[in-house]
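fold the following.
(chains A and B)
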Amino acid sequence: MRVGVITFPGTLDDRDAARAVVAGGSEAVSLWHADADLKNVDAVILPGGFSYGDYLRCGAISRFAPVMSLVIEAAGKGMPVLGICNGFQVLCESHLLPGALTRNSDLHFLCRDQEIEIVNNTTAWTSSYKSGEKIVIPLKNGEGSFQCDDNTLAQLEGEGHVIARYVGQNPNGSRNLIAGITNARGNVVGLMPHPEHAINELTGPSAQGLGFFTSILNAMVK
Amino acid sequence: MAKIVVDVMLKPEILDPQGNAVASALPRLGFSFAKSVRQGKRFEIEVEGEPTADQLAQVEKAAEVLLSNPVIENFVVRVEK
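Below is the predicted model of the structure:
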């Protein structure tokens, strides 16, 4: 299957994301932010980085890129979309996912190996994991604190839309230790830490991030 | 030339680590007046002549769609002479 990886000006992790897609058994297709063309992909990844220099708010300007109107439309029809880090911020700004990512509670840019627990393995991007499985993947961001109002939080928790939580001490002040969420349909997932940097023990803390990229094949087979 | 000003602030219930950092820096410099500090953004938009009602309505819309994120922020639009 064909998995598109979008490059915005300031995107950093598109190469690693494409590499992870290939390692996961799919074909990686480069998508350019300014082209209103999804090149017949079956799924899309919004990688990490600092799109548009994080000006205004992280992801706020990327949301209006020509390619994003197609992503939003396709996501509405059920196409799997994964936003990692800055991509998660873009998905929230696009209102494909609820809530917002704000400045880390201690104001520091964090870059470290982080243990997270997969708490929902029914989405298009998490089905390769067991529910409750703990994995270690890199966390690297300045604005990774997941915030939303109490009603939204109750809804996320009540409907099982939290897909991953930080294990141990809260690294960034995220409500309920939330590291990732999904929409109701389970096709759109946002995740703050970086599975694409953990697909090989030579270059990452583990190979445990690969599951996100193999899950997408399960989703297509279904 | 008039200026349309949009002030964007985090909603009161949203944690503001930047404001907190400023609040904790003030006493270190001998400023003891602050009970708390919240940090926001200010946009200054110039238009030709006096802003029209239509322009102000458009700025309101832009503030809602782009300048602020209504999930975490509130905004106020005003005209400054």
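
quick one, what contacts the closest residue in space to residue A:107 that isn't next to it in sequence?
Take residue A:107 and drop its neighbours on the chain: the residue closest to it by Cβ to Cβ, 6 or more residues apart in numbering or on different chains is residue B:17, 5.0 Å away. Using the backbone N, CA and C atoms, a C-beta is placed for each residue, glycine as well. Shown in contact with residue B:17 (Cβ atoms under 8 Å, 6 or more residues apart in numbering or on different chains): A:102-107, A:145, A:173.

farthest-apart pair in the residues you listed, please.
The widest separation within those, taken as Cβ to Cβ, falls between A:102 and A:106 and amounts to 12.5 Å.

quick one: which of these two has more around it?
Regarding residue A:102 and residue A:106, a neighbour count based on other Cβ atoms under 10 Å in any protein chain shown identifies residue A:102 as having more, with 27 against 13.

could you count how many residues lie near residue B:39?
So residue B:39, with other Cβ under 10 Å, has 15 neighbours.

and for residue A:9?
15.

can I get the contacts of residue B:17 in TSV with pLDDT and secondary structure?
Shown next, in TSV, are the contacts of residue B:17 (pLDDT from 0 to 100; DSSP: H, G, I helix; E, B strand; the rest coil):
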residue	pLDDT	secondary structure
A:102	94	strand
A:103	93	coil
A:104	95	coil
A:105	92	coil
A:106	90	coil
A:107	89	coil
A:145	96	strand
A:173	95	coil
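
which one (most neighbours) among those?
Neighbour max across those (other Cβ under 10 Å) = residue A:102, 27 neighbours.

quick check: that one touching residue A:147?
Yes - if you go by Cβ atoms under 8 Å, residue A:102 and residue A:147 touch, sitting 5.1 Å apart.

one step back: from the contacts of residue B:17, pick the one nearest residue B:59.
residue A:102 (24.5 Å).

name whatever forms a beta bridge with that closest one.
Beta bridges link residue A:102 to residue A:145, judged by DSSP bridges.

separation between the residue located most distally from the centre of chain B and chain A?
Distance from the C-alpha centroid of chain B peaks at residue B:30, with 26.7 Å (Cα atoms, centre = their mean). Computed as Cβ to the nearest Cβ, to the nearest Å, the residue B:30 to chain A distance reads 22 Å.

what is the burial count for residue 62?
Here I'm looking at chain A. 26.

hm, I was asking about chain B
Neighbours of residue B:62 using other Cβ under 10 Å come to 17.

before we move on, the earlier item: what's the pLDDT at the residue nearest to residue A:107?
Per-residue confidence at residue B:17 stands at 91 (pLDDT).

now chain A against chain B: closest residue?
residue A:100 (4.5 Å; Cβ to the nearest Cβ).

next, that residue: phi, psi?
phi -150, psi 160 (degrees, to the nearest 10).

contacting residues for it?
Counting by Cβ under 8 Å, 6+ apart, the residues that residue A:100 touches are A:89, A:92-93, A:146-148, B:69, B:71-72.

which stretches of the chain form helices?
Let's take chain A. Applying DSSP state H to chain A gives helices spanning A:14-23, A:66-76, A:86-93, A:150-158, A:211-221.

chain B is the one I meant
Under DSSP H, chain B gives helices at B:17-28, B:53-62.
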